[in-house]
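> Fold the stuff below for me.
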Amino acid sequence: DKSSLGDLKDIFLSFDSENNGTLSLGELKLALREYSQTVILTDDEIATMFMGMDYDQSGQIHYIEFLAVVAECQGLVTIENLSEAFDRLDSDNSGVISRENLISILGSDHNDNLLMSMITEAGMNKTGQIDYSQFLKLMYAEEASFKPQ
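Predicted structure coming up:
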């Protein structure tokens, strides 16, 4: 639900100590060591986790990658939940997700470089929009990439 997404955004932003809209390996290490008091992970384990989360292999974890991992870990990737997520992203009920929709979700203080990266990553740069079938293909491709090895 929306409050859970808000909580996840707050968590992501608290991990993002450089305030650049992404998480570096160093930020992930720091966050896991600070917030995880029951499980102690080695640097190698954290690096492996980071590589699994860094879907686009940019060397940074973007918010959408973070959400995809959390959703996968919580077993939340279902057709019903993806349909609901699409509907929320399609804030103007046009049947597609546009740049304007993403801006309305991210708010006025969004990082334009991060937004353009998300648009490119989603394949929206050709049409400026993504329809439901493209959204499902994108989500299922990401889900497959986050399977534990």
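> list the contacts for L82?
135-136, 139 (Cβ atoms under 8 Å, 6 or more residues apart in numbering). Glycine gets a C-beta too; all of them are placed from N, C-alpha and C.
> at 6 Å what do you get?
Shown in contact with L82 (Cβ atoms under 6 Å, 6 or more residues apart in numbering): M139.
> Checking it next. Helix, strand or coil?
Following DSSP: H, G, I helix; E, B strand; the rest coil, we place L82 in the helix state.
> For whichever strand or helix holds I119, what is the distance to the chain centroid?
Assessed by DSSP states H and E, I119 sits inside helix 112-121. In terms of Cα atoms, centre = their mean, to the nearest Å, the centre of helix 112-121 is found 12 Å from the chain centre.
> now the residue of the chain most remote from its centre: how far from F12?
Largest separation from the mean C-alpha position in the chain: T38, at 25.1 Å (Cα atoms, centre = their mean). Per Cβ to Cβ, to the nearest Å, T38 is found 21 Å from F12.
> what bits of the protein have low per-residue confidence?
1-6, 37, 73-77, 123-125, 140-149 (pLDDT under 70).
> again, only using 50
Within the chain, the stretches with pLDDT under 50 are 143-149.
> all helices for the chain, in order.
Assigned by DSSP state H, the helices in the chain fall at 2-15, 25-35, 43-53, 63-73, 79-89, 99-106, 112-121, 132-145.
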